[in-house]
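*Asks:* need a 3D model of the sequence below.
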Amino acid sequence: MRRLIAKELILSFVPNGKQRIWRSMTRMKLQLTRDRVRLQNQIECLLEEMRMKLSIVVSNLLGASGLRILHALAKGETDPKKLAQLGDERLQCTEEQLIDALTGRVQPVHGEMLALQLQRLQLIDQQMARLNGMIAEAMKPQQDAVIRLAEVPGLGVDSAQQIIAQVGAQASTFPSAAELTSWVGTCPGKEESAEQNHSSRSANGNKYMRRVLNQAAHAAVAKKGSHFQVVFRRLLPRLGYQSAIWAVAHRLCRVVWKILHEGVRFIEQGSEVGPREKKKRAQMLARALRKLGYEVTITPTNQLVPTAAV
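*Replies:* Numbering: from 1, shown residues only. I've put the predicted structure just below:
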């Protein structure tokens, strides 16, 4: 009681009812995404059992071409030449390579098992599409915050929704960026004894935010000319790959707090962004938002990063 009165104890972050619903929906979507990846691995194992190497010549096994071939296999088609004709012209392989990859030993039971797996895939895709609509509808009042976060390199509409579900639309629970990074677990650790720091390993924080920021950091450092790529290249020789990525995730977390808490927009501080890149980025964001049910119109501004007015 004495420590509580002296304000030495920090209360746990308990979100309100609306935010808890956001969390439940975004976490359910994450579980469905993992189920889809697991199912894709199972389909690939089944193809290996058929002595087929389709994933070697098709970059996305569950893309348009891959699904056409898989559905034909499930219906009993085993002729490699007929299966190869279902591939798209944009595939980065020759017809001979595709025929060779589709030549195997297919048993009738393989087709039946593949049909069951494709039915599960269709169900997962339907549930994810419905869940996307539910999340977009629930977060419609916060669409401005979603758009502002989605403009940050490495983030997108889906990542922005997940972040808002975890920390809130204004991140008002966290008075400073340092407190948010400490809660998430992206800031360096500090284990001191006799005035010596024995470890700078980050503490375990919110695992959902850590996952989103880690993925966003990998995407941000791959974006040519971005500020985060410049930071990553500067830190890489001294820290190594993983630590440099985590340092970028830490910076992204601080940017997230500032955007949400202060209601500002992201302005790229890296290389100059040309008008073509601006237009392409704005169209990509608008397309993603419209797909989720938002009404978006693109309005040119004088900022370095294009904005979308809703």
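
*Asks:* what's the weakest-modelled helix or strand in the chain?
*Replies:* Evaluated with mean pLDDT, DSSP states H and E, the helix-and-strand set of the chain has its lowest mean pLDDT in strand 308-309, which scores a mean of 36.

*Asks:* tell me the pLDDT of Ala220.
*Replies:* Confidence at Ala220, expressed as pLDDT, is 91.

*Asks:* actually Ser200, not the one I wrote
*Replies:* At Ser200 the predicted local distance difference test score is 63.

*Asks:* can you check Lys75 too?
*Replies:* Per the predicted model, pLDDT is 91 at Lys75.

*Asks:* how close does it get to Leu114?
*Replies:* Noted for Lys75: a distance of 9 Å to Leu114, by Cβ to Cβ, to the nearest Å. C-beta coordinates here come from the backbone N, C-alpha and C atoms, glycine included.

*Asks:* higher neighbour count, those two?
*Replies:* More neighbours sit around Leu114 than around the other of Lys75 and Leu114, counting by other Cβ atoms under 10 Å; the figures are 21 against 10.

*Asks:* does that one touch Glu49 like I think?
*Replies:* No: counting by Cβ atoms under 8 Å, Leu114 stays clear of Glu49, with 10.4 Å between them.

*Asks:* quick one, helices of this structure?
*Replies:* Using DSSP state H, the helices of the chain run over residues 2-5, 17-49, 54-57, 64-74, 80-84, 95-101, 108-138, 143-150, 157-167, 177-184, 207-221, 227-239, 241-262, 275-291.

*Asks:* quick one, which of these gets closest to Glu268.
*Replies:* When those are ranked by proximity to Glu268, the top entry is helix 227-239, at 6.4 Å, counting by Cβ to Cβ.

*Asks:* what does the closest one rub up against?
*Replies:* 153-154, 217, 220-223, 243-245, 247-248, 251-252, 268-270 (Cβ atoms under 8 Å, 6 or more residues apart in numbering).

*Asks:* go through that helix and flag the buried ones.
*Replies:* Under the neighbour-count criterion of 16 or more other Cβ atoms under 10 Å, helix 227-239 has His227, Phe228, Gln229, Val231, Phe232, Leu235 buried.

*Asks:* for the record, mean pLDDT for it?
*Replies:* The pLDDT scores in helix 227-239 average 89.

*Asks:* export it to CSV, keeping only CA atoms.
*Replies:* In CSV, the C-alpha atoms belonging to helix 227-239 read as follows (Å, rounded to 0.1, in the frame of the first residue of the first chain):
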residue,chain,number,x,y,z
HIS,A,227,14.8,6.8,-43.9
PHE,A,228,14.6,3.4,-42.3
GLN,A,229,16.8,1.9,-45.0
VAL,A,230,19.4,4.6,-44.4
VAL,A,231,19.3,3.9,-40.6
PHE,A,232,19.6,0.1,-41.2
ARG,A,233,22.6,0.4,-43.4
ARG,A,234,24.3,2.6,-40.9
LEU,A,235,23.7,0.3,-38.0
LEU,A,236,24.3,-3.0,-39.9
PRO,A,237,28.2,-3.1,-39.7
ARG,A,238,28.2,-2.4,-36.0
LEU,A,239,25.1,-4.3,-34.7
